[in-house]
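**Q** Make a model of this:
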Amino acid sequence: MILSSKLSLSPGTLITGRFKGSRYVIQRLLGQGANGVVYLVNKVDSGKQYALKMGFDNIDIQSEINNLKALHKQGKGPATAVTRSAESLPYLLEVDDYIAQEGTTPFYVMRYIKGDALRAFLVHRGPKWMRVAGYSLLRKLQQLHAAGWVFGDLKPENIIVSPYGEVELIDYGGVSAIGRSVKQYTEWYDRGFWNSGSRVAESSYDWFSFAVITLHMLAEPSLKKMAEQLPQTRSTADLISIIDSESELQPYKTWLVKALHGDFKSTNEACQLWKDQILLTSVKTRRKERNTPRWMLGAFVASLVFLLGAVYVSLSF
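**A** Residues are numbered from 1 along each chain as shown. Take a look at the predicted model:
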């Protein structure tokens, strides 16, 4: 086999499975992680869009595929609430090899939500939409944790958000069974980087990562400054000082502090607090803002209704 990083797969490249013969055309790069690259592709026979990941290492990618298969069998990852009520796409669609002139590379295909990476979504929609996307992300983590897994390498590049705020995670290379060591991590979002805890895979590891992501999206200059300190001086207290000093973070303060300290009893509790103190409160506040354009308020409320409806449907199945 070869490393995928040696391949230059530009838009329009045809990927044909070695064993199953399925054909996919690359549309664009979605992201790149420690053990592979993820592309947006169109399946030739149906024209449908999927996310296709190629692995850098056969052992790593096979381990990731095994995790996804386990999630599928447990019934915690086949689809979101929306797709359960529609065509119920399998979470792991296909596994195969791609043969190029340079050699053979393993890949797998999974569902794709049409949208943007978290940063691009917030640039387009505005920072207040972090409230909608954040709730959807916590629901996704809730499913993983309930199934006995921790995402691990949670970062903005791995979070795809639809126009209505629905979230999909696109790189499961860092997924680890609860109680094991986290397989992969990215420094800024790793609690070990901040001397704030171990790298044991537990729900609180993902809460911490998401809290730092929120700081990154809404207060990047302050987070960057803190991250540049000497390794031995970084701490949770530094992150909390950012929360205290940034007005954009005040609606999130209670949730963020609890997440950084790992004080939630469960991810269910984390979801509920986000919903009650951040998501629903923001709707009430917006109704009181006279200068808020009607179309913006309508879009925000519509997204909220969409997400809450999705949660209701998911609980019905």
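**Q** Low-confidence stretches in the chain?
**A** 1-8, 33-34, 72, 74-91, 282-317 (pLDDT under 70).
**Q** And the strands in it?
**A** Taking DSSP state E to define them, one finds strands in the chain at 14-16, 23-32, 36-43, 49-55, 92-100, 103-111, 116-117, 149-150, 159-161, 167-169, 176-177.
**Q** Export these as TSV, with columns for mean neighbour count.
**A** C-beta here means a position set from N, CA and C on the backbone, and glycine is covered the same way. As requested, the strands of the chain are exported to TSV (neighbours: other Cβ atoms under 10 Å):
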stretch	mean neighbour count
strand 14-16	16
strand 23-32	17
strand 36-43	22
strand 49-55	22
strand 92-100	17
strand 103-111	21
strand 116-117	17
strand 149-150	26
strand 159-161	27
strand 167-169	21
strand 176-177	18
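**Q** Put together CSV for those, with distance to residue 224 on each row.
**A** Formatted as CSV, the strands of the chain follow (distance: least, Cβ to Cβ, whole Å):
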stretch, distance to residue 224
strand 14-16, 37
strand 23-32, 21
strand 36-43, 26
strand 49-55, 29
strand 92-100, 36
strand 103-111, 32
strand 116-117, 19
strand 149-150, 26
strand 159-161, 19
strand 167-169, 24
strand 176-177, 28
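**Q** Out of those, which gets nearest to residue 187?
**A** Closest of the strands of the chain to residue 187 is strand 23-32, at 16.0 Å (criterion: Cβ to Cβ).
**Q** how about the strands of the chain, which one is nearest residue 274?
**A** strand 167-169 (12.7 Å).
**Q** and residue 14, how far is that from residue 61?
**A** Per Cβ to Cβ, to the nearest Å, residue 14 is found 21 Å from residue 61.
**Q** All the helices of the stretch 201-317 of the chain, residue numbers only.
**A** 203-218, 220-227, 236-245, 253-261, 267-274, 280-288, 294-316 (DSSP state H, counting those that start in this stretch).
**Q** Kindly report the same for the stretch 51-200 of the chain.
**A** 58-74, 81-84, 118-125, 130-146.
**Q** Could you identify which of these is most buried?
**A** helix 130-146 (a mean of 23; mean count of other Cβ atoms under 10 Å).
**Q** Can you show me the CA trace of that one as PDB?
**A** Output in PDB follows, covering the C-alpha atoms of helix 130-146 (Å, rounded to 0.1, in the frame of the first residue of the first chain):
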ATOM      1  CA  MET A 130     -22.700  28.700  17.500                       C
ATOM      2  CA  ARG A 131     -25.700  28.200  19.800                       C
ATOM      3  CA  VAL A 132     -27.600  26.100  17.300                       C
ATOM      4  CA  ALA A 133     -24.600  24.200  15.900                       C
ATOM      5  CA  GLY A 134     -23.300  23.600  19.500                       C
ATOM      6  CA  TYR A 135     -26.500  21.900  20.500                       C
ATOM      7  CA  SER A 136     -26.500  19.700  17.500                       C
ATOM      8  CA  LEU A 137     -22.900  18.700  18.200                       C
ATOM      9  CA  LEU A 138     -23.700  17.800  21.800                       C
ATOM     10  CA  ARG A 139     -26.500  15.600  20.600                       C
ATOM     11  CA  LYS A 140     -24.000  13.800  18.300                       C
ATOM     12  CA  LEU A 141     -21.600  13.400  21.200                       C
ATOM     13  CA  GLN A 142     -24.400  12.200  23.400                       C
ATOM     14  CA  GLN A 143     -25.000   9.300  20.900                       C
ATOM     15  CA  LEU A 144     -21.300   8.300  20.900                       C
ATOM     16  CA  HIS A 145     -20.900   8.400  24.700                       C
ATOM     17  CA  ALA A 146     -24.100   6.400  25.200                       C
END
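**Q** Report all helices and strands that that helix contacts.
**A** helix 118-125, strand 159-161, strand 167-169, helix 203-218, helix 267-274, helix 294-316 (3 or more Cβ pairs under 8 Å, 6 or more residues apart in numbering; DSSP states H and E).
**Q** can we see that at 6 Å?
**A** Applying 3 or more Cβ pairs under 6 Å, 6 or more residues apart in numbering; DSSP states H and E, one finds that helix 130-146 contacts strand 167-169, helix 203-218, helix 267-274.
**Q** could you list every residue that touches residue 172?
**A** Residues counted as contacts of residue 172 (Cβ atoms under 6 Å, 6 or more residues apart in numbering) are 64, 68.
**Q** so how far is residue 112 from it?
**A** Distance from residue 172 to residue 112, by Cβ to Cβ: 14 Å.
**Q** And for residue 190, the neighbour number?
**A** Look at residue 190: counted by other Cβ atoms under 10 Å, it has 22 neighbours.
**Q** what do you get for the one 4 residues further on?
**A** When neighbours are defined as other Cβ under 10 Å, residue 194 has 23 of them.
**Q** which residues touch it?
**A** By Cβ under 6 Å, 6+ apart, the neighbours of residue 194 are residue 234.
**Q** Tell me which of the helices and strands packed on helix 130-146 is the most buried.
**A** Of all those, helix 203-218 has the most neighbours on average by mean count of other Cβ under 10 Å, namely a mean of 24.
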